[in-house]
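S.K.: Below is the sequence, then the predicted model.
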Amino acid sequence: MHKGYLCLVLHGHLPFVRHPEHEDFLEEDWFYEAITETYLPLIWAYEKLVNDGIDFRITMTLSPSLLSMFCDPLLQGRYLKHINRLIELAHKETERTLRQPEFNGLAKMYLEQFYRARDTFQKYDRNLTVAFKKFQDLGKLEIITCGATHGYFPLMDVCRESIKAQVKVAVSHYESIFGSKPKGIWLPECGYLPGQDDILKEAGLGYFFTDSHGVLHGTPRPKYGVFAPVYCKGSGVASFARDLESSKQVWSSIEGYPGDYNYREFYRDIGFDLEFDYIKPYIHPDGVRTNTGIKYHRITGPGNEKQPYVPQWAAEKCAEHAGNFMFNRQKQVEYLYDFMKQKPIIVSPYDAELFGHWWYEGPLWLDFLIRKIACDQDEISLITASEYLKRHPRNQVSTLSMSSWGWKGYSEMWLQSANDWIYRHLHTASGRMTELAKAYPNQNGLLKRALNQALRELLLAQSSDWAFIMGTGTHTSYAVRRTKEHLLRFTRLYEDTKANTIDENWLSDIEYKDNIFPEIDYRVHQ
Amino acid sequence: MAILRKIKKKLKKIAQADLSAKKTKKIRKFSGKEITKEVPGTREVIAEQAKFSHPETARKRGGMPQELPLRYDQDKIVLQVRDPWWIYAYWEVKGSTMDRLRNELKDDFLKARRILRVYDVSSIIFDGSNAHRFFDIQIDRHATSWYIDTQGPGRSWCVDYGLKLSDGRFIVILRSNTVHTPLEGPSWITDEEWMIPEDMFARLYGMGFGLGQSSSVGKAWQKMVKGVITSSPGITSGASPIKRAQEKK
């Protein structure tokens, strides 16, 4: 008997990293790695499910900055180069490991995977938005939006015009790619502050997600806990809260699946393991060792001694873990159904990049899980948030609590001694952008270009990823640099606009470098 | 018999000892788990960090860009919430504002202490004098930001930056925005309010009349009802046009 729903949410996001001024740029690898290891394997999983006639529902964020990178011809071309180089390396690896059968099979596996990545990438005309749109049009994926550049909204509350711009730019960008408006939004870092839902309503967004305590600590108390959405008091926008139990099974370092000893070890890569002269052409041209994506070991245990990876064992574990996850959801739903006297919805959100990149077997686990849910039971079914609201429109009204899914559950990840210095600059820039939008309500030509670029620079500076990286305390220089660079560009645009001394050559140069959101309209910032 | 009773007593004692041992074991196990309990979000941070993989050595780059300005020539204090207990304030005071105060207060200015006055302004419109309570934090004169331990989840806060003179007077230089710290646990309020969005209700309303689930049908139905009601008063006539139309077919 059908007793409840599972809402799987994959949040796909990377900051906008694109450096046409350099032939090779290390941080662009974040994107290329994620294409090979996460986005394409997810597309393969979806393709296989559709081909096998398995019905499924997945909610997926594709953040506007990620979508912009998918659509960018320069990055598309560079990815092809990147994957071609990997294919070449994998070929060499199949030869180098000829006498090491435990690695040779793996080298062949990677070679095949890289060839397949290139084929699929080209099949979709180098633009992966086409693939994701296909699954949305088939009714399998519900793609939602996110803040334009993933600005962390709770720390932008003193400049709500910027939150509005983050949301409005995101919605219109989504529309230009998918041909329809997004139904919901993933708030960057799941960060929510009461009252910010008004901005979502204004943009036509029907729902968002919060972390568990956002709803659980809401006022009044949520009658059904996190197992039914609530409508925000005032705006009526629905909020779905994360179920911690299902989250923990995937995230937790104690009970989490990705830490299983049979799974592939993320931190052992031939980019670091092999002789320098051999690997040199495939790491950064400056000679800096980087991850190649070819990893031959399994987690093995807590120590540093790692054994070779055995795909067969990992696949068996994956099936076991998928079965375990489903079994636990069935038990959970059965219990909740008796208790609530209505069908619960279990919301399980994850970083999309966790799947395949960090947890190599993640896409396979997802595939197994979806198949098991479709074929092996009838107690739970997959659902998207908007489908749920159609079936169960009557929900409690509540004022939610400020929350995020970050470290400690609030804003500390983005507000600590390592990154708190950015806010006085960001807020001042926001105030100035509002001032510009008011002072120049109807501009054309060069001035309009400068104003639009000013908004681009501001949005790029607001990306929560910079504060996040500063907060982790390792390799922070790029994040610091990006924050400063965009703020400096913004400030110069602000001053030059007001003084009417815009340098067109310089403007053209930064338009070419920071070319995100070509259709942006600075007037959304008010 | 007496011996038997003694043995029974002993057995009981042993059993009890066993039980209590088991209990403590359980507790220990539990508390052990508690100790290793993760701070929420720790794993998420590790996984997210993995998105931004970096080589072991930082790459040589053309140096950092020019520095950001230290100040923007504005009188401003901004308050932000970090978590249910802590709030963060940053501020800037114009040189001219300080000069004005220096001129007005003369010697008092030099002796004055820099203070952050933290007001609990929960559920009120703060006018500077009606706070539930306040506390002062003395700060270094060069400080431009501060983390404040409010000790008060679920309350609203406003902060003044100012000078405390030796005679106890407080001169406000800057007043912040108001922020609200979230609750650290569930709300005590259990009143429930329920809602169905209007378009959903319209659809449900239509479904109640057996007119299908899709909104277009619902809308058509609404239009029809509106039309019928405006054109011909009387409830009974509401159903008849459809029947007639069907009969004609």
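M.R.: It's in. Residues are numbered from 1 along each chain as shown, chains lettered A, B, ... in the order given.
S.K.: CA atoms for contacts and neighbours, from now on please.
M.R.: Fine.
S.K.: which residues in the chain form strands?
M.R.: If you meant another chain, say so; for now it's chain A. Under the criterion DSSP state E, chain A carries strands at the ranges A:4-12, A:58-62, A:141-146, A:184-186, A:207-210, A:230-232, A:238-241, A:345-351, A:380-382, A:395-398.
S.K.: that answer is for a different chain, and I need it for chain B
M.R.: According to DSSP E, the strands that chain B contains are B:76-81, B:86-92, B:113-120, B:133-138, B:145-149, B:156-164, B:170-175, B:179-180, B:194-195.
S.K.: For chain A, which of these is the nearest?
M.R.: strand B:194-195 (4.2 Å; Cα to the nearest Cα).
S.K.: Residues touching the closest one, excluding its own?
M.R.: With contacts defined as Cα atoms under 8 Å, 6 or more residues apart in numbering or on different chains, strand B:194-195 is touched by A:231, A:393-397.
S.K.: which of those sit farthest apart?
M.R.: A:Pro393 and A:Val397 (11.7 Å; Cα to Cα).
S.K.: the more surrounded of those two?
M.R.: A:Val397 (27 against 21; other Cα atoms under 10 Å in any protein chain shown).
S.K.: Which pLDDT value goes with the residue of chain A most remote from its centre?
M.R.: Distance from the C-alpha centroid of chain A peaks at A:Arg99, with 40.1 Å (Cα atoms, centre = their mean). For A:Arg99, the pLDDT comes out at 96.
S.K.: so how far is A:Gly105 from it?
M.R.: 11 Å (Cα to Cα, to the nearest Å).
S.K.: Domain-wise, how is chain B divided?
M.R.: B:76-180, B:192-238 (automatic domain parsing).
S.K.: ranking those by burial, who's on top?
M.R.: When the domains of chain B are scored by mean count of other Cα atoms under 10 Å in any protein chain shown, the highest mean neighbour count falls to domain B:76-180 (a mean of 17).
S.K.: hmm, who's touching stretch A:490-501?
M.R.: Applying Cα under 8 Å, 6+ apart, the contact partners of stretch A:490-501 are A:429, A:432-433, A:436, A:447, A:450-451, A:453-455, A:457-458, A:502-503.
S.K.: Name the residues of that stretch that are buried.
M.R.: A:490-491, A:493-494, A:497 (16 or more other Cα atoms under 10 Å in any protein chain shown).
S.K.: Could you list the contact residues of the stretch 251-400 of chain A toward chain B?
M.R.: Listed as neighbours of chain B in the stretch 251-400 of chain A under the rule Cα under 8 Å from any Cα of the partner chain: A:251-253, A:286, A:288-291, A:351, A:353-354, A:357-358, A:390, A:393-398.
S.K.: try it again with 10 Å
M.R.: The interface of the stretch 251-400 of chain A toward chain B, taken as Cα under 10 Å from any Cα of the partner chain, is made up of A:251-254, A:256, A:266-267, A:271-272, A:283-284, A:286-291, A:350-355, A:357-359, A:389-398, A:400.
S.K.: could the strands of chain A be laid out in JSON lines, adding mean pLDDT and distance to A:Glu95?
M.R.: As requested, the strands of chain A are arranged in JSON lines below (pLDDT from 0 to 100; distance: least, Cα to Cα, whole Å):
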{"stretch": "strand A:4-12", "mean pLDDT": "98", "distance to A:Glu95": "36"}
{"stretch": "strand A:58-62", "mean pLDDT": "98", "distance to A:Glu95": "38"}
{"stretch": "strand A:141-146", "mean pLDDT": "98", "distance to A:Glu95": "40"}
{"stretch": "strand A:184-186", "mean pLDDT": "98", "distance to A:Glu95": "45"}
{"stretch": "strand A:207-210", "mean pLDDT": "98", "distance to A:Glu95": "49"}
{"stretch": "strand A:230-232", "mean pLDDT": "97", "distance to A:Glu95": "58"}
{"stretch": "strand A:238-241", "mean pLDDT": "98", "distance to A:Glu95": "50"}
{"stretch": "strand A:345-351", "mean pLDDT": "96", "distance to A:Glu95": "36"}
{"stretch": "strand A:380-382", "mean pLDDT": "97", "distance to A:Glu95": "45"}
{"stretch": "strand A:395-398", "mean pLDDT": "96", "distance to A:Glu95": "61"}
